[in-house]
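> Predicted model, plus sequence, below.
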Amino acid sequence: MIVVSDTSPLVNLAAVGQLELLHLLYGKVLLPQVVRQEVEAGVRKMPTNAAVLSAPWLETRSVQNQSLVTRLMIEIDLGEAEAIVLATEAKASFVLMDDQDGRHVAKREGVRTVGLIGVLVEAKKAGCLTAIRPVLDQLRTKVDFWMSDRLYELALRQAGE
């Protein structure tokens, strides 16, 4: 399985000490070059980003189709655009992405997406986490990851909590 990630799932999982879930679930994860640069730029503000930069199972790749990246950037930011394009180029199973506009564009481009909360639910079902509630609570309080109460409750139901 090939998986590509945008910045948000990486830095938020790292911030709550759960970055390794991606490796346990997917093995190697691909990052567009610009996503790596975004993570590097955020190290001062979020020291936990260093875990992303040192993870040997994260592989940085350059995106080839820059004209498609430019076209997508009319609607979304550079990191999301490169993640979507890399996912198409690498024939990825999906791209890890939280941004709603990015997810909408990915769907239109034929790229499946999974968000951070979906990763947590999958990790619980795979036995990599005993409970997702503590992680969801940390995301809300420690890193100010926004999720609606409805999504919070839905994730708990899907995880059997």
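Ah, there it is. Numbers count the residues shown, from 1 in each chain.
> Could you use CA atoms for every contact and neighbour count after this?
Fine.
> Quick check, pLDDT for the residue of the chain most remote from its centre.
The centre of the chain is farthest from one residue, residue 67, which by Cα atoms, centre = their mean lies 23.5 Å away. The model reports residue 67 with a pLDDT of 97.
> distance of it from residue 73?
From residue 67 over to residue 73 the distance is 10 Å, taken as Cα to Cα, to the nearest Å.
> rewinding a little: for the residue farthest from the centre of the chain, grab phi and psi.
Main-chain torsions, residue 67, degrees, to the nearest 10: phi -70, psi -40.
> Repeat that for residue 115.
phi -90, psi 170.
> quick one, strands of this protein?
Using DSSP state E, the strands of the chain run over residues 3-5, 29-32, 58-61, 94-96, 113-114.
> List the strands paired with the shortest one, with their directions.
Sheet pairing for strand 113-114, assigned by DSSP bridges, gives strand 94-96 (parallel).
> And the second one, by the same measure?
Each strand that pairs with strand 29-32, with its direction, by DSSP bridges: strand 3-5 (parallel), strand 58-61 (parallel).
> Name the stretch among these that sits most buried.
Highest mean neighbour count among those (mean count of other Cα atoms under 10 Å): strand 3-5, with a mean of 27.
> Now do it: everything it contacts.
Residues outside strand 3-5 that contact it (Cα atoms under 8 Å, 6 or more residues apart in numbering) are 26, 28-32, 83, 86-87, 92-97.
> Weed out the non-buried ones from those residues.
28-32, 83, 86-87, 92, 94-97 (16 or more other Cα atoms under 10 Å).
> Kindly provide the distance from the spatially closest residue to residue 139 that is not a sequence neighbour to residue 92.
Closest residue to residue 139 apart from its sequence neighbours, by Cα to Cα, 6 or more residues apart in numbering: residue 145 at 5.2 Å. Using Cα to Cα, we find residue 145 at a distance of 26 Å from residue 92.
> again with residue 106
12 Å.
> ok, and what's touching stretch 112-130?
So stretch 112-130 is contacted by 9, 13, 21-22, 24-25, 93-98, 103, 106-107, 131-132, 136, 155-156, 158-159 (Cα under 8 Å, 6+ apart).
> same check, this time on stretch 37-49
7, 11, 14, 15, 50, 52, 53, 79.
> before we move on, what about stretch 91-108?
1-9, 72, 75-76, 80-81, 83-84, 87, 111-116.
> Over to that stretch now: how far is its first residue from its last?
16 Å.
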